[in-house]
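Student: what's the 3D shape of this:
(2 chains)
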Amino acid sequence: MLPLILKAVVVGGLAGFAFAAGAARMFHAPEYQAMGAFRTLGEMNACRGDPIAHLSFGASFIPVTAIDAVAVGGIGQELWHRTVPNVTAGLLLLKDKDPDRTFKNPKAMAPLGALVGAVGMVFYMTMASAVPAKMATIAQKVMVPAGQAMMDYLMPIIFFLTAIDGGVHTGVASILYGGFAQMVMGNAVPGCVMGILVGKAVEVDGWKRSTWILVTAVTGLFIAVAYFRGFFTTLANLFVAG
Amino acid sequence: MENKQDTHKGIWWHPLTFPVLLAMACAAGFGGTSMQLVHGKGAFGSVVLVQMLNTALESGNFAVLSGYAGGFLFARFLEGPLVGILDIGGSICTGISFGVTGLMLAAGWKSVLTNFPLALLCGGAIGLGLGLVIEAVRKGGGFTTSASAATGMMMGAGNSIGAFFGPLVIVTAIRFSIPAGVGAIVGAALMYAMKKPIVGGAIIGAMILGTLGPIPA
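Tutor: The predicted model follows:
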């Protein structure tokens, strides 16, 4: 247990420090590079510098994060781009109402963010550790077939549909790359993802030099993977008389 | 209104500051995945992403994990320098913590990740390198603008998968055993009534009531 708690403090502190500073820098973008999310920027602005709004918004993600931690152990992303920035901002604002000195100031946000992150990680890891062994076994036995079905069928299908819904460029690219990936890698998802990226690049930017580089790199990558997995040899052998 | 430029002096606004912050964040991301591999908890991922990692570890096929998370990594790091805000969900929580680690696991480098200090160092080095690249790209001009649109689509797909996963867990729980199935149904219904995602309730419900029954062979 102690190693887990120590690791939680280290990970939570590092991440809390970095993401709180990154969130403060969002208010100085794009002159200065920031880390966070546009959604976070909008949410922090919506709290209008009111400490209670920031604190309650950040805290509202604790229950679901705790549930996820108990269910599968992962803590998700909400701790980092919603809870840490807003709880840290709220705590700072309790003492000082000036945004420029508080949540827009990375020097103020970072150390307190480290504390919030560390406390958060320790809390979630403690909750996740409180699960008895038999329950953990059942969770695993229920999740393994679910996970397998998700990887084998659910994800490829949803990605194909998303790409097709996104337009003819992403649709065609994903069908081609996705189908090839399914043959070569055993799963269509990487191909569909590349298809979405390539298709959008062609659709939005047209056939610029950067688009050609992208298409060549992705196609080259897939052919290389196919070659190293012996795909072309297998294919050729199919046509040789048995 | 005081001039913003006057206050942007010192270590917090230095060109190397962002790479250092990104190094810390990526180190933490690798740390979380290391904790997940060793203790079964701590990774910066949702139920879906953690399950993708578990399935990949079980089957030895990391193509889906790396491809899915790698796609986000690629797109967000193209978009980040262009717009000034690096989206940490896609880039660090998904891309670095699951995509890059997935590639390392596929290459057989699991021992690097299970060693906590080594994992932190590794993540930190990768983050520092990427941060320096981002700052260089910002000076030189950004990449394609299609990256944001592509990521939006991928996030939509990810959300759909998350939504489908809830009922999928209910079905698998019922197939596992009756008590687990009942638990999943009740848990999911409770979460639905509270307007929260049902997958967590399904899993915890299955765990709680499933304990009351036997574990089928």
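Student: could you pull out the strands for chain B?
Tutor: B:85-87 (DSSP state E).
Student: run through chain A and note the low-pLDDT ranges.
Tutor: A:241-242 (pLDDT under 70).
Student: can I see the domain layout of chain B?
Tutor: Split into domains by automatic domain parsing, chain B comes to B:11-144, B:163-210.
Student: okay, the ones you listed in JSON lines with mean pLDDT and distance to A:L91 next?
Tutor: For glycine as for every other residue, the C-beta is placed from the backbone atoms N, C-alpha and C. Converted to JSON lines, these look like this (pLDDT from 0 to 100; distance: least, CB to CB, whole Å):
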{"stretch": "domain B:11-144", "mean pLDDT": "90", "distance to A:L91": "19"}
{"stretch": "domain B:163-210", "mean pLDDT": "91", "distance to A:L91": "25"}
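Student: looking at those, spot the one closest to chain A.
Tutor: For these, distance to chain A was read as CB to the nearest CB. The smallest value, 2.4 Å, belongs to domain B:11-144.
Student: can you redo the domains of chain B as TSV with distance to chain A?
Tutor: Converted to TSV, the domains of chain B look like this (distance: least, CB to the nearest CB, whole Å):
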stretch	distance to chain A
domain B:11-144	2
domain B:163-210	4
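Student: dump the ones you listed into a markdown table; add mean neighbour count as well.
Tutor: A markdown table is the format used below for those (neighbours: other CB atoms under 10 Å in any protein chain shown):
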| stretch | mean neighbour count |
| --- | --- |
| domain B:11-144 | 22 |
| domain B:163-210 | 22 |
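Student: need these in a markdown table with distance to A:N105, can you?
Tutor: Compiled in a markdown table, those are given as follows (distance: least, CB to CB, whole Å):
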| stretch | distance to A:N105 |
| --- | --- |
| domain B:11-144 | 8 |
| domain B:163-210 | 34 |
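Student: confirm that A:M35 sits in a helix.
Tutor: No - counting by DSSP: H, G, I helix; E, B strand; the rest coil, A:M35 is not part of a helix but strand.
Student: that one pairs with what?
Tutor: B:L86 (DSSP bridges).
Student: now do the contacts for it.
Tutor: Contact analysis of A:M35 by CB atoms under 8 Å, 6 or more residues apart in numbering or on different chains lists A:18-19, A:21-23, A:25-26, B:18, B:21-22, B:25, B:85-86, B:88, B:92.
Student: at 7 Å instead, please
Tutor: A:A18, A:F19, A:G22, B:L21, B:L22, B:A25, B:L86, B:I88 (CB atoms under 7 Å, 6 or more residues apart in numbering or on different chains).
Student: that one and A:G42: what is the separation?
Tutor: Plainly put, A:M35 is 16 Å away from A:G42 if you go by CB to CB, to the nearest Å.
Student: okay, which residue is most central for chain B?
Tutor: When CA atoms, centre = their mean is applied to chain B, the residue found nearest the centroid is B:T94 (2.9 Å).
Student: hmm, it is touching B:A69, no?
Tutor: Yes - with contact defined as CB atoms under 7 Å, B:T94 and B:A69 form a contacting pair (4.9 Å).
Student: wait, what's in contact with the nearest residue to A:V204 once chain neighbours are set aside?
Tutor: Excluding its sequence neighbours, the residue lying closest to A:V204 (CB to CB, 6 or more residues apart in numbering or on different chains) is B:S146, at 3.8 Å. Contact analysis of B:S146 by CB under 7 Å, 6+ apart lists A:K200, A:A201, A:V204, A:D205.
Student: make CSV out of the residues you listed and add neighbour count.
Tutor: Below are the contacts of B:S146 laid out as CSV (neighbours: other CB under 10 Å):
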residue, neighbour count
A:K200, 28
A:A201, 30
A:V204, 16
A:D205, 16
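Student: just name the closest of those residues to A:A66, please.
Tutor: Minimum distance to A:A66 across the contacts of B:S146 is 36.2 Å, recorded for A:K200 (CB to CB).
Student: and the contacts of A:M35, which is closest to A:P145?
Tutor: Of all the contacts of A:M35, A:P145 sits closest to B:I88, with 32.0 Å by CB to CB.
Student: what helix or strand is A:V87 on?
Tutor: Secondary structure from DSSP states H and E places A:V87 in helix A:84-95.
Student: so does that helix get close to chain B?
Tutor: No - counting by CB under 7 Å from any CB of the partner chain, chain B is not contacted by helix A:84-95; separation bottoms out at 10.2 Å.
Student: using PDB, write out every CA atom in that helix.
Tutor: The C-alpha atoms that make up helix A:84-95 are tabulated as PDB, following Å, rounded to 0.1, in the frame of the first residue of the first chain:
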ATOM      1  CA  VAL A  84      -7.300  20.500 -10.700                       C
ATOM      2  CA  PRO A  85      -7.600  23.800 -12.600                       C
ATOM      3  CA  ASN A  86     -10.900  24.800 -11.100                       C
ATOM      4  CA  VAL A  87     -10.300  23.600  -7.500                       C
ATOM      5  CA  THR A  88      -6.900  25.300  -7.500                       C
ATOM      6  CA  ALA A  89      -8.400  28.500  -9.000                       C
ATOM      7  CA  GLY A  90     -11.200  28.400  -6.400                       C
ATOM      8  CA  LEU A  91      -8.800  28.000  -3.500                       C
ATOM      9  CA  LEU A  92      -6.700  30.900  -4.700                       C
ATOM     10  CA  LEU A  93      -9.700  33.100  -5.200                       C
ATOM     11  CA  LEU A  94     -10.900  32.600  -1.700                       C
ATOM     12  CA  LYS A  95      -8.000  34.700  -0.500                       C
END
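Student: can you tell me which residues contact the residue nearest in space to the middle of chain A?
Tutor: What sits nearest the mean C-alpha location of chain A, by CA atoms, centre = their mean, is A:Q77, with 6.8 Å. Residues in contact with A:Q77, defined by CB under 7 Å, 6+ apart, are B:F44, B:G89, B:C93.
Student: again, 6 Å this time
Tutor: By CB atoms under 6 Å, 6 or more residues apart in numbering or on different chains, A:Q77 lies in contact with B:G89, B:C93.
Student: would you list the phi and psi of it?
Tutor: Main-chain dihedrals, A:Q77, degrees, to the nearest 10: phi -110, psi -20.
Student: just A:A188 next, same as before
Tutor: Taking degrees, to the nearest 10, you get phi -80, psi -20 for the backbone angles of A:A188.
Student: that one contacts A:L176, correct?
Tutor: No - using CB atoms under 6 Å, A:A188 makes no contact with A:L176, being 10.8 Å away.
Student: quick one, which of those two is more surrounded?
Tutor: Shown here are A:A188 and A:L176; by other CB atoms under 10 Å in any protein chain shown, A:A188 has more neighbours (26 against 17).
Student: and that one, how far is that from chain B?
Tutor: Distance of A:A188 to chain B, computed by CB to the nearest CB, to the nearest Å: 9 Å.
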